[in-house]
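Q: Mind folding the following:
(chains A and B)
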Amino acid sequence: MESGNILEAINLSKSYPGVQALDSVNFLLKRGEVHAIVGQNGAGKSTFIEILAGSIQPDSGSIIIDGQDYVRLDPSQSIERSIQTVHQDNQLIEELSVAENIYLYNLPQTKLGFVNISLCIRHADDLLDRLGIETRSNIKISSLTFVEKKLISIAKAFSRKAKILILDEPTASLDIEGEKILFDIIRRNAEKGLSIIYISHDLGEIFEVCDRVTVLKDGKKIAAHDVKNVEMETIVHEMIGRSSHSLYTRVLNTARIKSDEKLEIIDYSRYKVVDHVSFSVRKGEIFGIGGLVGSGRTELARIIIGLDKKDSGKLVFCGKDITPSSPYDSIKKGIGYLTENRKDDGLVVIRPIFENISMARFARDRHIPYLELKKERTTTEEIASQLQIKTPSISQLVINLSGGNQQKVVLAKWLYANSEIILFDEPTVGVDVGSKSEIYHLIDNLVQQGKIIIIISSDYLELSSVCDRVGIMRFGKLITILEGAQINEENILKNSLGVTMEDN
Amino acid sequence: MTNRILTKDKKVRQLNQSFVLIIIIAGLCIIATVVNPRFLRITNIINIFQQISVLGIIASGVGMLLISGDIDISVGQQVSLIGIILAMIIQKIGGIPANAPNAWLSGWAIPMAIVVSFAVGILLGIFNGLVVIKSKASSFIITLGSATVFKGLALLISGGSSYMLFNRFATLGRGRIFSIIPIAILFLLGVVIMSHILLKYFKFGRFLYALGGNKKAAFVSGINVNKVTLTSFIMVGVFDALAALILISRVGSALATTGDAFSLDALAAAVVGGVPIIGGKGNALNIFLGVVLIGLISNALVIMNINPYLRDVAIGLLIIIAVSISAISDQRK
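A: Coordinates of the predicted model:
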């Protein structure tokens, strides 16, 4: 074994009844290397990192860490060997301070056995300074923004003197500035000799921050490349067995039913978050809303459908005032809202697929008190197969589906509710490349049917390839609406950051 | 492929809940029969069902509320309060047999008592429901408070004394059809079947599961969450009124505390019947099996001539075991 290798996995296999999650996977991680693992949902990425974290035991194969051979790891061994994982979801304790969260596993104590909070804060501040995170450590987690929380999770992993850091989708829902800070931290620490395993759906990121990339597909390792010497196209091809062409071209750029019927969003305001936003969307058009996280995009959607209270705002559809007062009222008026976090308020994951799909429809048709189980079954089954939700049965609990399929269930819910106007908030977060293009096709279909679609997204490629017009929000204001040739990733990004406005 | 396997697992687990309950119930029956063969007599079996009829009705209501993710621990006090009002109306308006009552008025005593009982049940449900909705506080704490309020009210209006029915209004609790089947059992079965239908074939039932599974998602999906919550608290109140009618009719008198013990027993039955304390799952038939199990424990201890005070120990342990098993099997996912 080369001295430069910190971790090596040899012929790792893991099977579950009926599925080979990992199939003789070899993997080599060098010291100071940022190594991406890519693959579609179900490719085996999660299984692989969970084996390294010790929470799953492999069936065969071995793991060599720093020259020491293991047949399996348990979580404490994994931590002992300085492997740290930053999970996709926030695992911080909201009511404790940043410092306490970072050192929760080993809080410094005074002689009397009390928590030495000042020492704890001092250590934490030092750590945050070293990492280049501006957040101070004496404030409560609950008062942090989403981005700050993510950064604190990463700082927590660093506090344990990690030699190998596993980042699972670290940029999911992170805005550009957050990403910048994160990439900066990654680069600086890799230079100092930290090895990083980086899991992401976003190939762009990988080309920006990673040294090597290993591609998994159906539990098998397909290839490993130096990022410098490989084209994005090749990786995409290896991930899905199709060319990237079909994924990234603007499949949606077909003639649309344009008409004078339009939805007008008039003067929506909510103190401190949304500042007098007005725009209109024509029938048959996809309107995108870009901007950084926290720019008021989601908040705008929430006040439009009546989830949160607004200070002002009127919704006019074809000249008729349809301003909803509550989500229930929204549904009655044919407005659907795909929330940005499907697990939080999009799905009832412990219930079956068909119950989730029919939920909004049933809420809308309030005059029918009973359930038509047979009809429900056949219609939801139809929609599920139309959306290609991969499941043996629609009685399956949603919790057992992959992220992409869960997202399709949320989509199915609003289709079944017969919504005329649908607001998509981050429609493809945590969705694999294949399902992404399927979802875009679905959205396109909806527009062809004359529905009005608004997409809120942090994925600028998504906005630029899917939308007809893109409004950019910044500090609660709608600062500009890009049209036609103006719509490209760079323009969306620049406007979101306010570059064109402030630098000139 | 993975999904298919998981589906099977889920089905097995769901079956397990009923299966395990039936096994335990059968085991208990066998032990009781071996110790005392009289246990298996038809009269004893009918007796058991008559004894659990009140608990079964209350537990059906609380169980459905629990599925929606809310809880009502004031049900026992609701039964007490409704019961004492019921008995007072019958005694005060119907009169005491020794004093010649106003014949015209006394004829109205029982219908009036029944109507008032249901009205009070609805009012108590509205009270709990509205406070829970408006305060947005946990229903556990709110109904802990209202339990004390209801108990206080019952003591206040009754002055702490007991009210007798003097054999009036005895049919509901003691009457038997063809001198065999107690009327109360029919009400119990009616409520259980109705609950089952409500949960399985009505939107209201479906919404209860949605609320218990993820209230925010239910709200965003356009379900009128507050209305569903209010309706389920009222439903609990109505079930409690029916339970109070049967209970007081059977006992023949009422105290301000007659129903208090049902709060915890009903909750225990729902939990033992497989409704997780956070809601989202469960069904009416399993809740009924939970009720049967609890009724059986009381009866079996008596018939096996074991100290009846052991009952609470046994039921308490049963709750702990039931919750632990479901928690452990959840972790294995």
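
Q: Tell me, what's the model's pLDDT at A:Gly18?
A: Confidence at A:Gly18, expressed as pLDDT, is 55.

Q: again, but for the one 3 residues further on
A: With respect to pLDDT, A:Ala21 scores 81.

Q: residue ranges with poor pLDDT in the chain?
A: Using chain A here. A:1-3, A:17-19, A:40-42, A:172-173, A:201, A:240-259, A:293, A:430, A:497-504 (pLDDT under 70).

Q: wrong one, chain B
A: In chain B, residues with pLDDT under 70: B:1-16, B:97-104, B:330-333.

Q: just the strands in chain B please.
A: Along chain B, counting by DSSP state E, strands occupy B:163-164, B:176-177, B:181-182, B:253-254.

Q: So which of these has the densest surroundings on average?
A: Across the strands of chain B, averaging neighbours per residue (mean count of other CB atoms under 10 Å in any protein chain shown) puts strand B:253-254 on top, at a mean of 22. Using the backbone N, CA and C atoms, a C-beta is placed for each residue, glycine as well.

Q: which residues touch it?
A: Strand B:253-254 has contacts (CB atoms under 8 Å, 6 or more residues apart in numbering or on different chains) with B:Ser80, B:Gly83, B:Ile84, B:Leu86, B:Ala87, B:Met88, B:Ser158, B:Ser162, B:Tyr163, B:Met164, B:Leu165, B:Ile248.

Q: near chain A, which residues of the stretch 151-300 of chain B show up?
A: B:200-204, B:206-207, B:209-210, B:213-214, B:216-224, B:280-281 (CB under 8 Å from any CB of the partner chain).

Q: can you give me the helices in chain B?
A: Applying DSSP state H to chain B gives helices spanning B:2-35, B:42-67, B:75-94, B:103-135, B:139-158, B:171-174, B:183-201, B:203-213, B:215-220, B:225-251, B:262-272, B:284-303, B:310-331.

Q: Save these as JSON lines, and put in mean neighbour count too.
A: Conversion of these to JSON lines gives the following (neighbours: other CB atoms under 10 Å in any protein chain shown):
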{"stretch": "helix B:2-35", "mean neighbour count": "15"}
{"stretch": "helix B:42-67", "mean neighbour count": "24"}
{"stretch": "helix B:75-94", "mean neighbour count": "26"}
{"stretch": "helix B:103-135", "mean neighbour count": "17"}
{"stretch": "helix B:139-158", "mean neighbour count": "18"}
{"stretch": "helix B:171-174", "mean neighbour count": "18"}
{"stretch": "helix B:183-201", "mean neighbour count": "18"}
{"stretch": "helix B:203-213", "mean neighbour count": "24"}
{"stretch": "helix B:215-220", "mean neighbour count": "23"}
{"stretch": "helix B:225-251", "mean neighbour count": "24"}
{"stretch": "helix B:262-272", "mean neighbour count": "25"}
{"stretch": "helix B:284-303", "mean neighbour count": "23"}
{"stretch": "helix B:310-331", "mean neighbour count": "14"}
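
Q: Distance to B:Ile48 for the strands of chain B - can I get that in a markdown table?
A: Converted to a markdown table, these look like this (distance: least, CB to CB, whole Å):
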| stretch | distance to B:Ile48 |
| --- | --- |
| strand B:163-164 | 27 |
| strand B:176-177 | 15 |
| strand B:181-182 | 11 |
| strand B:253-254 | 23 |
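
Q: List just the one of these that sits closest to A:Leu127.
A: Among the strands of chain B, the nearest to A:Leu127 by CB to CB is strand B:253-254 (66.9 Å).

Q: Walk me through which strands the closest one pairs with, and which way each runs.
A: Sheet partners assigned to strand B:253-254 using DSSP bridges are listed as strand B:163-164 (antiparallel).

Q: Outside of the strand it pairs with itself, list whatever touches it.
A: By CB under 8 Å, 6+ apart, strand B:163-164 touches B:Ile84, B:Ala87, B:Met88, B:Ile90, B:Gln91, B:Gly252, B:Ser253, B:Ala254.

Q: Show me how far it is from its chain's centre.
A: The chain centroid and the centroid of strand B:163-164 are separated by 24 Å under CA atoms, centre = their mean, to the nearest Å.

Q: So which residues on the stretch 401-504 of chain A come close to chain B?
A: Residues of the stretch 401-504 of chain A lying near chain B (CB under 8 Å from any CB): A:Leu401, A:Lys413, A:Ala417.

Q: thought the last one was touching A:Asp365?
A: No. Using CB atoms under 8 Å, A:Ala417 is not in contact with A:Asp365, being 9.2 Å away.

Q: where do the strands sit along the stretch 101-250 of chain A?
A: Applying DSSP state E, counting those that start in this stretch to the stretch 101-250 of chain A gives strands spanning A:164-168, A:195-199, A:212-217, A:220-226.

Q: for the stretch 251-400 of chain A, same thing?
A: In the stretch 251-400 of chain A, strands defined by DSSP E, counting those that start in this stretch lie at A:262-270, A:274-282, A:286-290, A:312-317, A:320-321, A:335-338, listed in chain order.

Q: and of those strands, who's closest to chain B?
A: strand A:335-338 (6.4 Å; CB to the nearest CB).
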